[in-house]
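Participant: dropping the sequence and predicted coords here.
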Amino acid sequence: MTAGAQQALRRTMEIYSNTTRFALACNMSNKIIEPIQSRCAILRFMKLTDKQVTTRLLAVIEAEKYNPEGLEALVFTAEGDMRQAINNLQSTFTGFGFVNSENVFKVCDQPHPLVIIGILESCLRGDVEAAADSATALWRLGYSALDIITTVFRVVKVFDGMEESMKLQFIKVRQLALSHTFPPPRSPPQRRILRIT
């Protein structure tokens, strides 16, 4: 909702506050203008766990055609947001008629976690060239550096083939990458080898 629309809503809230109660839901409360925030009781909720999302999705998806990998992909792409999970389910089924992981990732336009796992395994083997080639291939498919880094971070958190200390190093790299904002380059980034010890 734009700031102008929020100002109009603020005025409506002022006029009808004696007879009406408003319930607003948002993902980022810092995007809500201060006059509206000051008129609200702010309740913060944690993201849903993957188990909670899966349980609810199973109730919704039972009448649709799907496979377990498709369900896992929906949970992965939702990032704890049930509304996002249901929207992704509806879009995937409407677009393809079948919910599997490939279709979900096409609809959600995110790098496939299996490709990211391949990159991580190449890194762990010390095959930096293969990892860089896979990352460049994702780049050439149109994924932004932020998309790739974010998916790497989410995969690293649940990746079993890596020591905890190495996971922390990847998380530090993500934080470093996200702390810098650069205009998007016109070509794939130059390969720079970063040794994580």
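Facilitator: Okay, I see it. Numbers count the residues shown, from 1 in each chain.
Participant: and the worst-scoring helix or strand of the chain on mean pLDDT, which residues are buried?
Facilitator: The helix or strand of the chain with the poorest confidence is helix 164-179; it has a mean of 76 (mean pLDDT, DSSP states H and E). Residues M166, K167, F170, V173, R174, A177 are the ones in helix 164-179 that count as buried (16 or more other CB atoms under 10 Å). Where you see a C-beta, it was placed from the backbone N, CA and C, and this is true even at glycine.
Participant: possible to save those residues as TSV with distance to F22?
Facilitator: Shown next, in TSV, are the buried residues of helix 164-179 (distance: CB to CB, whole Å):
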residue	distance to F22
M166	48
K167	42
F170	42
V173	42
R174	37
A177	39
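Participant: hang on, the earlier thing: send the alpha carbons of the least confident helix or strand of the chain over as CSV?
Facilitator: Extracted C-alpha coordinates of helix 164-179, given in CSV (Å, rounded to 0.1, in the frame of the first residue of the first chain):
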residue,chain,number,x,y,z
GLU,A,164,28.4,-26.1,11.8
SER,A,165,31.5,-23.9,11.7
MET,A,166,31.4,-23.9,7.9
LYS,A,167,27.7,-23.0,7.9
LEU,A,168,28.5,-20.0,10.1
GLN,A,169,31.1,-18.9,7.6
PHE,A,170,28.5,-19.0,4.8
ILE,A,171,26.1,-17.0,6.9
LYS,A,172,28.9,-14.4,7.5
VAL,A,173,29.5,-14.2,3.7
ARG,A,174,25.7,-13.7,3.2
GLN,A,175,25.6,-10.9,5.7
LEU,A,176,28.6,-9.2,4.0
ALA,A,177,27.0,-9.6,0.6
LEU,A,178,23.7,-8.1,1.8
SER,A,179,25.4,-5.2,3.5
